[in-house]
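[1] Structure, please.
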Amino acid sequence: MLSVIIPVRNRRASLLKCLDSLVREACPAALEVVVVDDGGTEDLADLPARYAGLNLRLVREVPLGISAARNRGISAARGDLLLFVDSDCTLEPGCLTHLLDFCAAHPGGCYQLAIRGDTGTWVGKMVHLRCATTMECLRTGDGHIDYTNTSGLAVARCRLQEAALFDTRASRGEDSLILTKLARFRERPWYVPDAVIRHSPESPLLRYVLRHYRVGLLAGFARQELRRSVPVLMNSAGRLNVLRGIWRRARAEHIERRAALLVMAGYALEKLGRLGYRIGGFAPGRIGLFQVPVDILTEDDLVARCMTCAQQGSRLLVTHLTARTLLHSLRDPQVRTTLGQFDICYPEDTGVVLATALCRRRRARKVTVNRFYRTLFQEIANRGLRVALVGGEDGVCARVAAHLRDICPGLEVCPCRRGCGDDRDTAELTRALHEARPHIVILALGQPRQEHLALRLSRELTATVFWCVDGLFDRISGAAPAPAAATDENGIRAGLSLGR
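    Purely as a prediction, here's the structure:
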């Protein structure tokens with residue numbers, strides 16, 4: 001079966017054109033289409049009935065970004081071959097036939113389709129000149145290509161070593177990072193020149209040209225990762241060759257040379273964006289701060305990674321770091337050891353962000369679960385996952401569970417338990433969790449008590465995500481007020497003292 005995965009957010013008109021082009025295809029294999037609505041506001045509920053012949057399924061998620069949407073599509077798809085297509089693309093006649101014929105001759109790989117632009121618009125001409133020329137320059141003599149573009153990219157399911165094919169840390173350039181995954185197995189994508197995808201971004205010309213600066217800025221992390229692992233980034237001679245090719249292609253295909261000049265202007269703005277990233281860009285990753293791990297990430301990345309692990313049944317330990325805990329870890333080596341055993345330890349207050357900037361010269365973002373807990377629990381409900389709540393005073397967990405069920409319809413909350421006091425309570429909690437089999441356990445017992453309990457429970461429940469959130473339950477239930485501005489002020493003071 002061939003599964004076509006299309007992520008979309010508020011592009012209904014473009015999506016309909018894409019689906020219409022699939023209807024016109026005479027696909028020789030069983031076909032399904034998975035449309036992933038990445039938190040859009042447009043109504044797409046009529047699509048499964050409207051395109052019943054495509055065996056279309058609509059999957060909804062909260063807005064977590066295009067990488068998370070594609071990963072969600074992978075988990076929902078049933079096909080042996082996965083074809084990723086953007087919602088503003090259309091398939092040229094015979095595209096699927098050419099792709100499947102090529103896959104039959106070269107089974108079990110990754111396949112880059114030919115990306116072309118709609119030469120009826122200025123933006124389309126820019127896309128056409130840039131994509132067609134780049135692909136021509138990066139194709140190799142043995143039928144492969146050192147390039148990936150998810151406007152049209154197919155991957156055999158047998159090549160998926162992990163559910164999260166797309167790196168949610170990358171805001172742009174996430175498709176290029178697939179090259180790093182292929183490089184682990186000494187593989188490269190095949191190039192399928194006869195399977196053509198037409199990319200038609202719907203954007204005013206000036207906005208499209210200017211957004212190249214943002215593209216360069218946001219793709220800095222992906223380029224950094226590629227530079228570390230795979231020698232596929234073009235050098236100066238390669239880029240000059242592409243620019244010459246763009247000029248020659250414009251002349252050969254009778255495209256106005258102004259379009260070629262616009263492409264070059266876009267390249268220049270993208271270069272400026274890369275410079276901006278090197279000066280002060282956001283670089284995700286794990287660093288050490290006074291021998292304590294700190295994970296620099298975004299809220300969307302954090303939620304996406306937790307959902308992926310919960311859905312595939314992988315253990316994940318998540319906690320947060322405050323300036324107060326960081327100071328405590330300096331006095332107590334056991335706290336450092338405990339935090340070091342967690343897979344994710346994100347900065348939760350301004351003090352840690354400030355200490356990271358002063359001591360490690362790295363830009364971090366404060367990640368506070370109080371701001372996005374609705375998003376978290378709504379996505380748990382969307383994916384049909386079970387969650388257990390542990391912590392809080394008597395009655396607090398029950399009130400929190402009732403509130404979450406009200407704001408997140410369909411959320412399945414397992415029986416909640418108050419915090420454990422001794423080994424007997426821990427044993428009873430472990431038995432209750434074994435019976436309930438939650439995918440995610442949220443613990444709010446205060447640091448470092450909740451971390452110690454999470455580590456103990458994780459030895460018994462090896463396919464569960466454990467997330468330590470401290471006083472979240474009291475704030476949701478109203479048992480404790482929202483943190484005052486003084487909290488951040490204290491964190492800043494602590495961060496400055498750490499910096500000194």
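[2] remind me which residues of the stretch 301-450 of the chain are low pLDDT?
    394, 418-421 (pLDDT under 70).
[3] Would you state the strands of it in chain order?
    For the stretch 301-450 of the chain, strands defined by DSSP state E, counting those that start in this stretch occupy the ranges 316-321, 344-347, 386-391, 412-413, 440-444.
[4] can you give me the angle the first one makes with strand 440-444?
    Put simply, strand 316-321 runs at 30 degrees to strand 440-444, going by axes from the mean of the first three to the mean of the last three C-alpha atoms, to 10 degrees.
[5] Can I get strand 316-321 as CSV, trimmed to CA atoms?
    Provided in CSV are the C-alpha atoms of strand 316-321 (Å, rounded to 0.1, in the frame of the first residue of the first chain):
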residue,chain,number,x,y,z
LEU,A,316,11.1,8.9,28.8
LEU,A,317,12.1,10.8,32.0
VAL,A,318,11.3,14.5,31.9
THR,A,319,11.8,17.1,34.6
HIS,A,320,12.5,20.8,34.9
LEU,A,321,15.3,23.0,36.3
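[6] Which elements pack onto that strand?
    Where contact means 3 or more C-beta pairs under 8 Å, 6 or more residues apart in numbering; DSSP states H and E, strand 316-321 is packed against helix 299-312, strand 344-347, helix 449-460, strand 465-468. (Each C-beta comes from the backbone N, C-alpha and C, glycine too.)
[7] So what's the residue count around Asp423?
    Neighbour count for Asp423, taken as other C-beta atoms under 10 Å: 9.
[8] will you turn the strands of the stretch 301-450 of the chain into JSON lines that also has mean neighbour count and distance to Pro189?
    Rendered in JSON lines, the data for the strands of the stretch 301-450 of the chain read as follows (neighbours: other C-beta atoms under 10 Å; distance: least, C-beta to C-beta, whole Å):
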{"stretch": "strand 316-321", "mean neighbour count": "24", "distance to Pro189": "30"}
{"stretch": "strand 344-347", "mean neighbour count": "24", "distance to Pro189": "31"}
{"stretch": "strand 386-391", "mean neighbour count": "25", "distance to Pro189": "38"}
{"stretch": "strand 412-413", "mean neighbour count": "20", "distance to Pro189": "40"}
{"stretch": "strand 440-444", "mean neighbour count": "26", "distance to Pro189": "35"}
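[9] Out of the ones you listed, which is closest to Leu165?
    strand 316-321 (17.8 Å; C-beta to C-beta).
[10] So what does Tyr111 have for phi and psi?
    The phi/psi pair for Tyr111 (degrees, to the nearest 10) reads phi -130, psi 120.
[11] Now name the helix or strand holding the nearest residue to it once chain neighbours are set aside.
    Spatial nearest neighbour of Tyr111, excluding adjacent residues (C-beta to C-beta, 6 or more residues apart in numbering): Ala154 at 4.2 Å. Element membership for Ala154, per DSSP states H and E: strand 152-156.
[12] What is that strand packed up against?
    By 3+ C-beta pairs under 8 Å, 6+ apart, strand 152-156 packs against strand 81-85, helix 95-105, strand 110-117, strand 190-199.
[13] Give me the sheet partners of the third one and which way each runs.
    Within its sheet, strand 110-117 is paired with strand 152-156 (antiparallel), strand 190-199 (parallel), according to DSSP bridges.
[14] how big is the angle separating the longest one from helix 95-105?
    Strand 190-199 and helix 95-105 are oriented at 170 degrees to each other (the same axes, to 10 degrees).
[15] can you pull the buried residues of strand 190-199?
    Burial within strand 190-199, assessed by neighbour count using 16 or more other C-beta atoms under 10 Å, is assigned to 190-192, 195-199.
[16] And stretch 17-37, by the same measure?
    Within stretch 17-37, the residues that count as buried by 16+ other C-beta under 10 Å are 17-19, 21-22, 25, 31-37.
[17] Show me which pair in those residues is furthest apart.
    Once C-beta to C-beta is applied, these give Glu25 and Asp37 as the farthest pair, at 22.6 Å.
[18] List the residues that contact Gln311.
    Shown in contact with Gln311 (C-beta atoms under 8 Å, 6 or more residues apart in numbering): 75, 163, 383, 385, 439.
[19] Among the residues you listed, which one is most surrounded by other residues?
    Of the contacts of Gln311, with other C-beta under 10 Å as the count, His439 tops at 23 neighbours.
[20] if we can go back for a sec, hang on, the residue nearest to Tyr111 packs against Pro107?
    No: counting by C-beta atoms under 8 Å, Ala154 stays clear of Pro107, with 11.9 Å between them.
[21] Contacts only, for Met1.
    Contacts of Met1 (C-beta under 8 Å, 6+ apart): 29-32, 78-81.
[22] What's the separation between it and Pro93?
    Look at Met1 and Pro93: by C-beta to C-beta, to the nearest Å, they are 22 Å apart.
[23] for His439, same thing?
    Distance, His439 to Pro93, by C-beta to C-beta: 44 Å.
[24] Please apply the same query to Ala52.
    From Ala52 over to Pro93 the distance is 22 Å, taken as C-beta to C-beta.
[25] ok, the two, which is more surrounded?
    Pro93 (12 against 9).
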